[in-house]
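> The following block contains a protein sequence and its predicted model.
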Amino acid sequence: MQYRLSNKTISELSCDYELCFVEGDKIENLEDKDVLELCKFGEGDVMDVPTSRRVYASLEDKDLESIRLVLAKVVSEIKGYKIKSLKTKLPVNDASIEDIYAAFVEGFELSMYSFDKYKSDAEESTLDELVLCEVADTDLESAEKGLDRGLKIANATNYVRDIVNEIPQVYTPQKMAEDARALTELEGVSCEIFGKEYLKEQNMNAFLAVNQASPHDPVLVHMTYKPSGESKGKYAFVGKGLTYDTGGLSLKPTQFMLTMKSDKGGAAAALGVIKAAAELKLPFEVHAVLGCTENAIGGKAYKPDDIIRTREGVTIEVTDTDAEGRLVLADCLSWAQDMIKPDYLFDMATLTGSISVGIGIYTTGIIGNNMSLQHDFKINGERSGELLSIMEFNKHLRPLIKSKIADIKNSVSGGSGGAITAGLFLDKFIKPEYKDKWLHLDIAGPAYAESAWGYNHVGGTGAGVRFCVYYLLSKM
């Protein structure tokens, strides 16, 4: 899609179709007023008027997310049309010009996304140019910056969607390593890939245990982006990269195993953050650590009742082999603290079904020890349009992860608070000096959409990329 800025009025430009934004239900001055009235066009509606080659979009609110969301409805109306160009004039609100144009591109690109490489009857959209009209000369530079930023963030998100949607017979740990290595084409990006022997040397026994029954070796990937100038901080993003999760010997039922190609969503999001940071040339040193493996079944599979000594020295009683992501993260978090020594450490994972029970399928849970950091991340991350909710630790849940025969156990049977006890488990692998610099981000709810919502289609949503990038942008 090509985006073009113009200082001409919308009536001066010739395009195949026109998008008209409407403030609420204010239609009295619109050219198609009679048709809109007849069809009871109201606040939040999108209506196509083919006879005038216009689509009308009513904004429910004046915030940036309303722009993104209404564009999902617009794209749904016109995506199949045989048109090549679309013109529009963006609405003005209290946000900056740069932010408005960034939100527009994000909403449009995320809505236009599709994953149909395996469909024999897939049709590509013919729309290839979008003209943004009536841009004042004084706003041109800000508008261009907004377009550039929005496009790069949306592209990174769609890149992650492609990874999450890719099928398990194609997307192995080795494929994730290959994708990581390909990002080194970006300026400032480097990549280290470590195999099974290195994991053994590092005593990453929890990570290795999860991999035992898989025909594909585990891979630890370390990505680094360094800016060309002085760095304003060092951030590490650790991602759970389960390229497929059967549940292991604690086997998932069919209906729960389906969609487990999405269990690599945390690692994919970390890759997306590296891609966006490099393309936006952010002034931070950004690291991504990916723990890539399958959790398979077979004679070599790790078992309930096993006890594992982790890289950090903490021993774990395995009570559920389907609580495998936290085992991989335990060793990866330990490694990241020792080897990278970041200023801040964030892990992203499709970790628990419990998080969706607590806060719904649209929201990511923020878990950690530092309430100030959690609030800061939530406020700035939500500017992306992604939803975040803080889940607090409490002293009554902490004893639940204790084991009678090891230091801790990897799953708590029965009861409630599963997302928080998973966070408490990970907290056992955070060193004292990092307790207030670490956040666990459980993206299990929004990472994969089983039905479309907003600008998210069925499948991978790219959850995590945008709120992490917006958080980083707030630190510039």
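Yep, it's here. Given the structure is predicted, the values throughout are model-derived calculations rather than measurements.
> And the spatially most central residue of the chain, how far from Val164?
Residue closest to the mean C-alpha point of the chain, counted by C-alpha atoms, centre = their mean, is Ala463 at 2.2 Å. Distance of Ala463 to Val164, given as C-beta to C-beta, to the nearest Å: 9 Å. In short, each C-beta sits where N, CA and C put it, glycine included.
> coming back round to it: now for the residue nearest to the centre of the chain: which residues touch it?
Gly265, Ala269, Thr364, Glu386, Ile443, Pro446, Ala447 (C-beta atoms under 8 Å, 6 or more residues apart in numbering).
> quick one, what contacts the last one?
Under the criterion of C-beta under 8 Å, 6+ apart, the contact partners of Ala447 comprise Val164, Ser262, Gly265, Gly266, Ala269, Thr350, Gly460, Thr461, Ala463, Gly464.
> Assign a three-state SS to the residue lying farthest from the centre of the chain, would you?
Relative to the centre of the chain, the most outlying C-alpha is that of Asp34, 42.3 Å out, by C-alpha atoms, centre = their mean. At Asp34 the chain is in helix, as set by DSSP: H, G, I helix; E, B strand; the rest coil.
> what does the model give it for pLDDT?
For Asp34, the model assigns a pLDDT of 96.
> Then Gly415?
68.
> now the helices: where do they sit in the stretch 301-450 of the chain?
325-339, 354-359, 371-381, 418-427 (DSSP state H, counting those that start in this stretch).
> quick one: which of those is nearest Leu280?
helix 371-381 (15.4 Å; C-beta to C-beta).
> among the helices of the stretch 301-450 of the chain, which is nearest Val49?
Per C-beta to C-beta, nearest to Val49 of the helices of the stretch 301-450 of the chain: helix 371-381, 37.8 Å.
> any idea how far that closest one is from the chain center?
17 Å (C-alpha atoms, centre = their mean, to the nearest Å).
> buried stuff in that helix?
Neighbour-count burial for helix 371-381 flags Leu373, Gln374, Phe377, Lys378, Asn380, Gly381 (criterion: 16 or more other C-beta atoms under 10 Å).
> same deal with stretch 2-14?
Buried residues in stretch 2-14 (16+ other C-beta under 10 Å): Tyr3, Leu5, Ser6, Ile10.
> same check, this time on stretch 385-394
Quick answer for stretch 385-394 (16+ other C-beta under 10 Å): Gly385, Glu386, Leu387, Leu388, Ser389, Met391, Phe393.
> for stretch 227-235, same thing?
Result for stretch 227-235 [16+ other C-beta under 10 Å]: buried residues Pro227, Ser231, Lys234, Tyr235.
> Out of the residues you listed, which is nearest to Asn93?
Tyr235 (30.3 Å).
> For that closest one, which three-state class applies?
When classified by three-state DSSP, Tyr235 comes out as strand.
> That one contacts Phe284, doesn't it?
Yes: look at Tyr235 against Phe284 with C-beta atoms under 8 Å: they come within range, at 5.8 Å.
> Overlap of the contact sets of these two?
Leu472.
> thinking in terms of the whole chain, how far from its middle is stretch 435-445?
13 Å.
> So which bits of the helix or strand hosting Gly150 are buried?
Secondary-structure element containing Gly150, defined by DSSP states H and E: helix 140-165. Buried residues in helix 140-165, counted by 16+ other C-beta under 10 Å: 142-165.
> model confidence over that helix, on average?
On average, helix 140-165 scores 98.
> residues in contact with the very next helix or strand once past that helix?
Next helix or strand after helix 140-165 toward the C-terminus (DSSP H and E): helix 173-182. By C-beta under 8 Å, 6+ apart, the residues outside helix 173-182 that reach it are 163, 166, 191, 193, 216-219, 221, 223, 241, 243, 264, 267-268, 271, 288, 290, 292-294.
> in the sheet, who's paired with Thr364?
Beta bridges link Thr364 to Leu388 when assigned by DSSP bridges.
> quick one: contacts for it?
355, 386-389, 441-443, 445-446, 463-464, 467.
> switch the cut-off to 7 Å
Glu386, Leu387, Leu388, Leu441, Asp442, Ile443, Gly445, Pro446, Ala463 (C-beta atoms under 7 Å, 6 or more residues apart in numbering).
> Next, count neighbours for Thr243.
Using other C-beta atoms under 10 Å, Thr243 is surrounded by 27 other residues.
> wait, doesn't it sit right on Glu294?
Yes: contact criterion C-beta atoms under 7 Å: Thr243 and Glu294 qualify, at 5.5 Å.
> Number of residues surrounding the closest residue to His287 other than its chain neighbours?
Excluding its sequence neighbours, the residue lying closest to His287 (C-beta to C-beta, 6 or more residues apart in numbering) is Ala236, at 4.3 Å. Applying other C-beta under 10 Å, we find 27 other residues in the vicinity of Ala236.
> Ala236 bridge partners, please.
His287, Leu345.
> would you list every one of the strands in the stretch 351-476 of the chain?
Using DSSP state E, counting those that start in this stretch, the strands of the stretch 351-476 of the chain run over residues 363-368, 387-390, 408-409, 438-442, 448-449, 459-460.
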